[in-house]
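**Student:** Got a predicted structure here, sequence first:
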Amino acid sequence: MQEPWACRLLSTCLVDNNIHTHRKGGHVTEKRITAQQLGLKAGLDEADEAALFKWLLASFLFGKPIQQSVAERAYRVIVEQYRQDNPAKLLRCGKRELVHMLGQARYVRYDLSTAERLLKLSRKLIDDYDGALTTLRQRSSSQEDFARRLAEFEGIGPKTVEIFMREAALGLYGSVSSEPG
């Protein structure tokens, strides 16, 4: 967790489980979005493949320095409106359509790079793990190894891994992921 004074140094930080976003010296506090709010909690607790991929997609979007409300809207446009809810569907939709979906959600600052990285994420998941996060889990020797492998996907850094594991670890490993501290 970031100290409140450190917020001035970052565009986005986490304080008291709230996301703080900064604009031109201003300070806006947003509640972090949970898997429960996206209707994924029950599926994550059972390590359901569809729920795991949707949560990875959401975690990817939430892990970027953009307002959580915009990231949530982008998730809902991609997954709920356009039904691009698995790696094969995302690959078939292509970069141009994905950029359009992100733009529709006003996720415009990083739309092209986000679209490219989501497509690369989908391709790697299919090529290396048969399109399944449960396969990635089976091939990982530990929760730490799973997190390390997840971080090998382009565009997935420590924050995205932290967000994903915060809610997926229970279903995948029977325990809640410990937050870095």
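**Tutor:** Arrived safely, thanks for sending.
**Student:** Tell me who's in contact with residue 112.
**Tutor:** With contacts defined as C-beta atoms under 8 Å, 6 or more residues apart in numbering, the neighbours of residue 112 are 95, 99. C-betas here are computed from N, CA, C, even on glycine.
**Student:** Equivalent analysis for the one 5 residues further on, please.
**Tutor:** Applying C-beta under 8 Å, 6+ apart to residue 117 gives the contacts 60, 154, 155.
**Student:** separation between the second one and residue 127?
**Tutor:** When you say that, I think you mean residue 154. 13 Å (C-beta to C-beta, to the nearest Å).
**Student:** So which of those two has more stuff around it?
**Tutor:** Under the criterion of other C-beta atoms under 10 Å, the comparison of residue 154 against residue 127 puts residue 154 first, with 14 against 10.
**Student:** Next, give phi and psi for residue 158.
**Tutor:** Per-residue torsions, residue 158: phi -60, psi -40 (degrees, to the nearest 10).
**Student:** Could you count how many residues lie near it?
**Tutor:** 11.
**Student:** Relative to residue 95, how far out is it?
**Tutor:** Distance from residue 158 to residue 95, by C-beta to C-beta: 26 Å.
**Student:** now residue 113
**Tutor:** Residue 113 is 11 Å from residue 95, where distance means C-beta to C-beta.
**Student:** With residue 120 instead?
**Tutor:** 10 Å.
**Student:** now do residue 49
**Tutor:** Residue 49 sits 24 Å away from residue 95, going by C-beta to C-beta.
**Student:** Quick one: the contacts of residue 117 as a markdown table, columns for distance to residue 86 and secondary structure too.
**Tutor:** Below are the contacts of residue 117 laid out as a markdown table (distance: C-beta to C-beta, whole Å; DSSP: H, G, I helix; E, B strand; the rest coil):
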| residue | distance to residue 86 | secondary structure |
| --- | --- | --- |
| 60 | 14 | helix |
| 154 | 19 | coil |
| 155 | 18 | coil |
